[in-house]
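[1] heads up, no residue letters with this:
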Ligand SMILES: Nc1ncnc2c1ncn2[C@@H]1O[C@H](COP(=O)(O)OP(=O)(O)O)[C@@H](O)[C@H]1O
Ligand SMILES: [Mg+2]
């Protein structure tokens, strides 16, 4: 038995080696780095240097506030939208289902740079289609990129566009696992379609919804692409800077790895904490 | 309570016609079983009564009211599904009361109905459990309970026992029968199992490939089947079919000779014009209608192959010149395989069919 295990571990060794060097070590290493002053040569052990700075840094709290704001608004909106999309996609009345499924999933595989460029064009102040549409219904143009509120809205719209379909596809799988005859039984029980949705579909879909919410929370905590590419590095004036962006700015622009590591650990810690709270709140009563 | 009438009911899925004009009258309070092989359209027919499938042609009336355009919810029926279709996230109690609660039924009345259903089905102890925590038989009871709570005019069952083990099936069969007596409500029950049909039904509707083959009381179907399909489907073990030829025919009778047994002749009295001399026919004989040699109208020699001893009776599988026969015997408990056996057929206990399967009476 021991001998067999040893053989198995020898086969696993190449993977375990790579996993240790490129996964485990960076995780440990960055934790250690977060306790070092990294703007001096050589780096110096200074346990409170980065963490002390973090709790008093307005840039950090700005990024934290922006990230949480996006999280609190965008995730519920997107999940709700995804549920509606999934229900429509599951409707027997829908024609060309495959086409919709592809269309919903496509944003995920579109290149980030291309998608960001398109969004920048669409929301352009002077010739973007969004402002043209607003004008055509009598609304004034919005300068999406120069004001904080529209810029934040833009980030949320973009993230929602990119990930709603993805979540809808996951939710669709959950919907399809609810047997038809449960709905038929409810129909014979004289329960209306709307009530069936709220009293049967939603409760049975709950584990999948929680799963999607957890994925989205983790994703949004790390939000980087959209504020980097669409609102140009967290513009206007840091108004859309997220924790991910702050990390990047500190680590790779200012080469302050110690502080960046502290930010990274804060992001991970928050994501875990929020997820645990979420799981606890939605736990099945036993 | 209500009578159910199906007139010329047709069902099409796209271009495929699945039910070809069914006419069935079900009296108020009657227990009717739709039986037939898998895929013959039993469920489809039942779901049309329930309103879960729309009706492509003809009419379905419940309690004298045409239901074609009435929503399933408004038809006053309750259905028990093969898979039980319980609400997985609700307790038994919530499962039973869900429909009533959603429709704003007074709380006291809901409680009364749930309590009564629980008592009838002996599921009081299970009220706080979820479907996951129940055995198959218990789930089935809950599913039936949910139907009872609705106090429907008509109960519909779609193969409700097919997911249960044999012993439980017999037990639940008796309970459903008792339930019917207790409630006195019209019940339509679908099964592919002829034993269930025979034991439960006031009347049986035999279906084959979307056609109603025969409707009648269980023993009438057994004794007097309209055609070879019904004769073969009803009864276990199955009726034996022996190839024969008409050798003599006159007004009121025909004499047939078995193809595999030269000289074995049987004179069968008939009420209709007999088939022409020389015509091929099929003789149907139930396993219990083989008698000891010399006791019937015509003896045939067969070779015993395998015997199944059930205690009270034995079934001998025998070879009759290439045709396998199942012969019920009480006296041949210890017959070895390969033995020659002579059995006898009585004209009065044999049925005659033409080669298309229609009965020649
Ligand atoms: N929704 C459907 N679409 C197309 N064909 C169907 C559908 N439902 C049932 N059928 C067909 O109708 C026939 C009868 O089905 P069903 O009523 O379920 O049979 P049974 O219950 O007697 O086994 C089958 O040949 C089946 O393939
Ligand atoms: Mg069926």
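    Sure thing, it's come through. Please read these numbers as outputs of a predicted model, since none were measured by experiment. Ligands and ions are numbered 1, 2, ... in the order given.
[2] residues in contact with the closest residue to residue B:264 other than its chain neighbours?
    Closest residue in space to residue B:264, ignoring its immediate chain neighbours: residue B:258 at 4.4 Å, by C-beta to C-beta, 6 or more residues apart in numbering or on different chains. From N, CA and C alone the C-beta is placed, and that goes for glycine too. When contacts are counted by C-beta atoms under 8 Å, 6 or more residues apart in numbering or on different chains, residue B:258 touches B:242, B:243, B:244, B:264, B:265, B:266, B:283, B:298, B:300.
[3] From ligand 1, how far out is the fourth one?
    Read that as residue B:264. Between residue B:264 and ligand 1 the computed distance is 39 Å (C-beta to the nearest ligand atom, to the nearest Å).
[4] Kindly report the same for the fifth one.
    Separation of residue B:265 from ligand 1 (C-beta to the nearest ligand atom) stands at 41 Å.
[5] Going through the contacts of residue B:258, which ones are buried?
    For the contacts of residue B:258, a burial check counting by 16 or more other C-beta atoms under 10 Å in any protein chain shown picks out B:242, B:243, B:244, B:264, B:265, B:266, B:283, B:298, B:300.
[6] For chain B, what's its nearest residue on the stretch 101-250 of chain A.
    residue A:189 (3.0 Å; C-beta to the nearest C-beta).
[7] Give the burial count for the residue in the stretch 101-250 of chain B positioned nearest to chain A, as a bare number.
    Residue nearest to chain A within the stretch 101-250 of chain B: residue B:102 (4.6 Å; C-beta to the nearest C-beta). Using other C-beta atoms under 10 Å in any protein chain shown, residue B:102 has 16 other residues around it.
[8] cool, residue B:19 as well?
    27.
[9] Please apply the same query to residue B:175.
    18.
[10] Just the buried positions in the host helix or strand of it, please.
    According to DSSP states H and E, residue B:175 maps onto helix B:166-183. The neighbour-count criterion (16+ other C-beta under 10 Å) identifies B:169, B:172, B:173, B:175, B:176, B:179, B:180, B:183 as the buried residues of helix B:166-183.
[11] got a list of contacts for the very next helix or strand once past that helix?
    As assigned by DSSP H and E, the chain's next helix or strand after helix B:166-183 is strand B:186-191. Strand B:186-191 has contacts (C-beta under 8 Å, 6+ apart) with B:1-4, B:26-35, B:42-43, B:45-46, B:49, B:153-162, B:176, B:180, B:196-197, B:200-201.
[12] Name whatever forms a beta bridge with the residue nearest to residue B:264.
    residue B:244 (DSSP bridges).
[13] One more: residue B:24?
    With DSSP bridges as the rule, residue B:24 is bridged to residue B:6.
[14] What parts of chain A come near chain B?
    Taking C-beta under 8 Å from any C-beta of the partner chain as the contact definition, chain A meets chain B at A:179, A:181-182, A:184-192, A:195, A:199-200, A:203-204.
[15] Just the buried subset of these, please.
    Counted by 16+ other C-beta under 10 Å, these give A:181-182, A:184-191, A:199-200, A:204 as buried.
[16] taking the residues you listed one by one, which sit in helices?
    A:181, A:182, A:184, A:185, A:186, A:187, A:188, A:204 (DSSP state H).
[17] At which residues are the helices of the stretch 1-150 of chain A located?
    A:2-19, A:25-33, A:49-54, A:58-90, A:97-109, A:112-122, A:129-136, A:148-176 (DSSP state H, counting those that start in this stretch).
[18] And the average pLDDT for the fifth one is what?
    It stands for helix A:97-109. Per-residue pLDDT values across helix A:97-109 average out to 88.
[19] Next, the residue lying closest to residue B:282 once chain neighbours are set aside: secondary structure please.
    Excluding its sequence neighbours, the residue lying closest to residue B:282 (C-beta to C-beta, 6+ apart) is residue B:353, at 4.4 Å. Three-state call for residue B:353 (DSSP: H, G, I helix; E, B strand; the rest coil): strand.
[20] From residue B:280, how far off is residue B:353?
    Remark: distance between residue B:353 and residue B:280 (C-beta to C-beta, to the nearest Å) = 10 Å.
[21] The two - which one has more neighbours?
    More neighbours surround residue B:353 than the other of residue B:353 and residue B:280, with 21 against 13 (other C-beta under 10 Å).
[22] Which residues lie in contact with the more buried one in this structure?
    Counted by C-beta under 8 Å, 6+ apart, residue B:353 has contacts B:227, B:228, B:231, B:241, B:281, B:282, B:283, B:284, B:359, B:360.
[23] what's the burial count for the first one?
    When you say that, I think you mean residue B:227. Count around residue B:227 with other C-beta under 10 Å applied: 19.
[24] do the fifth one as well
    Residues lying near residue B:281 (other C-beta under 10 Å) number 20.
[25] can you tell me which residues contact the closest residue to it other than its chain neighbours?
    Once flanking residues are discounted, residue B:281 sits nearest to residue B:244: 5.1 Å by C-beta to C-beta, 6+ apart. Residues counted as contacts of residue B:244 (C-beta under 8 Å, 6+ apart) are B:256, B:257, B:258, B:259, B:266, B:280, B:281, B:282, B:283.
[26] Next one: residue B:330 relative to chain A, how far apart?
    46 Å (C-beta to the nearest C-beta, to the nearest Å).
[27] wait, doesn't residue A:172 sit right on residue A:90?
    Yes. Judged on C-beta atoms under 8 Å, residue A:172 makes contact with residue A:90 at a distance of 5.9 Å.
[28] Neighbour count for those two, which is higher?
    residue A:172 (22 against 18).
[29] Excluding sequence neighbours, find me the nearest residue to the more buried one.
    In space, residue A:172 is closest to residue A:86, 4.4 Å off (C-beta to C-beta, 6+ apart).
[30] Burial check on the one you found, number of neighbours?
    Neighbours of residue A:86 using other C-beta under 10 Å come to 27.
[31] Could you chop chain B up by domain?
    B:28-56+B:67-233, B:240-353 (the TED database).
[32] For the last one, give the distance from the opening residue to the closing one.
    It stands for domain B:240-353. 12 Å (C-alpha to C-alpha, to the nearest Å).
[33] Need the contact partners of stretch B:93-109.
    Against stretch B:93-109 from outside (C-beta under 8 Å, 6+ apart): A:186, A:188-192, A:195, A:199, B:86-87, B:90, B:110-111, B:113-114, B:117-118, B:127-128, B:131, B:142, B:145-146, B:149-150.
[34] if you set the cut-off to 6 Å instead, what comes out?
    A:189-191, A:195, B:86-87, B:110, B:114, B:127, B:142, B:145-146, B:149 (C-beta atoms under 6 Å, 6 or more residues apart in numbering or on different chains).
[35] possible to save those residues as CSV with distance to ligand 1 and secondary structure?
    As requested, the contacts of stretch B:93-109 are arranged in CSV below (distance: C-beta to the nearest ligand atom, whole Å; DSSP: H, G, I helix; E, B strand; the rest coil):
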residue, distance to ligand 1, secondary structure
A:189, 22, coil
A:190, 23, coil
A:191, 22, coil
A:195, 25, helix
B:86, 21, coil
B:87, 23, coil
B:110, 33, helix
B:114, 31, helix
B:127, 32, coil
B:142, 23, helix
B:145, 24, helix
B:146, 21, helix
B:149, 26, helix
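[36] Next, the contact list for residue 86, please.
    No chain specified, so I'll use chain A. A:168, A:171, A:172, A:175.
[37] hmm, I had chain B in mind actually
    Per C-beta under 6 Å, 6+ apart, neighbours of residue B:86: B:95, B:131, B:142.
[38] Pick out the residue of the stretch 51-200 of chain B closest to chain A.
    residue B:99 (3.0 Å).
[39] does that residue sit in a helix or strand, and which one?
    Counting by DSSP H and E, residue B:99 is found in helix B:92-102.
[40] If I take that helix and helix A:180-188, what angle do their directions form?
    Calculated by axes from the mean of the first three to the mean of the last three C-alpha atoms, to 10 degrees, helix B:92-102 forms an angle of 50 degrees with helix A:180-188.
[41] quick one: average confidence on helix B:92-102?
    What helix B:92-102 shows for mean pLDDT is 95.
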